[in-house]
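# Here is a sequence together with a model predicted from it:
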Amino acid sequence: MVMLDIPKAELHVHIEGTMEPEMVFELARRNDVELPYSSVAELRSRYEFSDLQSFLDIYYANMAVLRTRRDFRELTAAYLRESARQGVRHAEIFFDPQAHLARGVEMPAIVDGLSEGITEGITEGAGSGVTAELILCFLRDQSAESAMDTLRLAEPFLDRIIGVGLDSAEVGHPPSKFTEVFDRARELGLRAVAHAGEEGPAEYVREALDLLRVERVDHGIRALDDPELVDRLRREQVPLTVCPLSNVRLGSFSHLSQHTLPRLMAEGLMVTINSDDPAYFGGYAGENFSAVREHLGLTREQLRQVAANSVQASFLDRERKSALLAEVDAWTE
Ligand code: HPA
Ligand code: ZN
């Protein structure tokens, strides 16, 4: 597939959303978790979503099979192997600890498993040039107190966590609810990103910038409803981690050909392309690039720019950014 392997950074992927149906069944068997489906095919047939919540319901239900450090390790290693096949040279990976803590899985099992998975994925498949970092996401449909407790629990592991994010059901859960938690995270030296303007209004994007002081906006597609906000995003070159296949599968656009990614780019915004929850939405990072090329007619040079944006918008240091940008530059189909 064209564009599949252009070198890039993936900045918006939920590790729990990379669990393929086969792995859901394998872990259910190993951990003695009962599933309400009798086969992989039946599970896959449920992946018809009408909106974000309809997806989140099945996403949280499936992640109940993740119980041990080994589970988190295998999940992460598998993601890195597949995404590396699709050109991902660096990944900043979201994880949802609150969802696991609620089932009695403890923070050390989660973070140790994820970091071991990064090491294993790189040494056994992805390749030694690949790097990855972890971003701890707070569930915005839970309380600010719960988020603060989670951050406290994560403090012993901050050497392996690069930043915090905000995800889950957006509408009715504005960024402002988490101002204090993000202040504390910044005090601890963490970087900050947040989902905003996926289903929620452009105002949530403003709040994420002004109150949470995020360095990137995850999704951000609804910003186009607000021309003044678009001007600001252009002026400040705020990176948007757009997830084209996700937006179609969750009903923001009726078809990929209707996606506003070309408009975001024409407005001069700093757009990146990412997979979000590839096991659910039909494609990893490279497949999102390919699909956009096919259905939105972006040129190879436009997509090279998007790949370069992903490197610039990452939390990598200057040296590694330069090396990766050179790889993007040198890439030919
Ligand atoms: N939006 C919000 N929360 C999420 C998503 C998403 O696309 N994927 C996993 N958690
Ligand atoms: Zn997301």
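Thanks, I have the structure now. Ligands and ions are numbered 1, 2, ... in the order given.

# What is the helix or strand Tyr60 falls within packed up against?
In this structure, Tyr60 sits in helix 52-62 according to DSSP states H and E. If you count contacts as 3 or more Cβ pairs under 8 Å, 6 or more residues apart in numbering; DSSP states H and E, helix 52-62 packs onto helix 278-281. C-betas here are computed from N, CA, C, even on glycine.

# after the helix it packs on, next one along is what?
Scanning onward from helix 278-281 (DSSP H and E), the first element met is helix 285-296.

# Mind exporting the C-alpha coordinates of that following helix to PDB?
The C-alpha trace of helix 285-296 is given here as PDB (Å, rounded to 0.1, in the frame of the first residue of the first chain):
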ATOM      1  CA  ALA A 285      -0.600   4.500  11.500                       C
ATOM      2  CA  GLY A 286       0.600   3.600   8.000                       C
ATOM      3  CA  GLU A 287      -2.800   2.500   7.000                       C
ATOM      4  CA  ASN A 288      -4.200   5.800   8.100                       C
ATOM      5  CA  PHE A 289      -1.700   7.600   5.800                       C
ATOM      6  CA  SER A 290      -2.600   5.300   2.900                       C
ATOM      7  CA  ALA A 291      -6.300   5.700   3.400                       C
ATOM      8  CA  VAL A 292      -5.900   9.500   3.500                       C
ATOM      9  CA  ARG A 293      -3.900   9.500   0.300                       C
ATOM     10  CA  GLU A 294      -6.500   7.300  -1.400                       C
ATOM     11  CA  HIS A 295      -9.700   9.000  -0.300                       C
ATOM     12  CA  LEU A 296      -8.600  12.700   0.300                       C
END
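
# Phi, psi for whichever residue of the stretch 151-300 of the chain sits closest to ligand 1 please.
Per Cβ to the nearest ligand atom, Asp167 is where the stretch 151-300 of the chain lies closest to ligand 1, at 3.6 Å. Asp167 has phi and psi values of phi -140, psi -170 when expressed as degrees, to the nearest 10.

# tell me the contacts of the residue in the stretch 1-150 of the chain positioned nearest to ligand 1?
Residue of the stretch 1-150 of the chain nearest ligand 1, by Cβ to the nearest ligand atom: His14 (4.1 Å). Counting by Cβ atoms under 8 Å, 6 or more residues apart in numbering, His14 touches Ile93, Phe94, Phe95, Asp96, Cys137, Asp167, Asp276, Asp277.

# isn't the last one right up against Asn247?
No: with contacts defined as Cβ atoms under 8 Å, Asp277 does not count as touching Asn247, sitting 11.7 Å away.

# neighbours around the residue lying closest to Leu256 once chain neighbours are set aside, how many?
In space, Leu256 comes closest to His295 once its chain neighbours are excluded; the distance is 4.0 Å by Cβ to Cβ, 6 or more residues apart in numbering. Other residues within reach of His295, judged by other Cβ atoms under 10 Å, total 16.

# how much space between His295 and Ser257?
Distance from His295 to Ser257, counting by Cβ to Cβ, to the nearest Å: 5 Å.

# try Asp277
Asp277 is 22 Å from Ser257, by Cβ to Cβ.

# what about these two, which has more around it?
Taking other Cβ under 10 Å, Asp277 and Ser257 do not tie; Asp277 has more neighbours (24 against 11).

# What pLDDT is listed against the spatially closest residue to that one that is not a sequence neighbour?
Once flanking residues are discounted, Asp277 sits nearest to Gly17: 2.6 Å by Cβ to Cβ, 6+ apart. Per-residue confidence (pLDDT) for Gly17: 99.

# how about the residue nearest to Leu256, what does it touch?
Taking Cβ under 8 Å, 6+ apart as the criterion, His295 is in contact with His255, Leu256, Ser257, His259.

# my guess is the first one meets Val248, correct?
Pointing back at His255 there. Yes: using Cβ under 8 Å, His255 is in contact with Val248, at 6.6 Å.

# Nearest to Asn288 among the contacts of His295?
For the contacts of His295, the closest approach to Asn288 (Cβ to Cβ) belongs to Leu256, at 9.7 Å.

# So what's the residue count around the closest residue to Thr131 other than its chain neighbours?
Excluding the flanking residues, the one nearest Thr131 by Cβ to Cβ, 6+ apart is His90, at 4.8 Å. Per other Cβ under 10 Å, the neighbour tally for His90 reads 23.

# host element of His90?
strand 88-95.

# rewinding a little: need the contact list for the residue nearest to Asp277.
Tyr59, Asp276, Asp277, Pro278, Ala279, Tyr280, Phe281.

# Give the burial count for the fourth one, as a bare number.
Number of residues near Pro278 (other Cβ under 10 Å) recorded here: 27.

# my read: it touches Ile15, true?
No: when contacts are counted by Cβ under 8 Å, Pro278 is not listed as touching Ile15 (10.5 Å).
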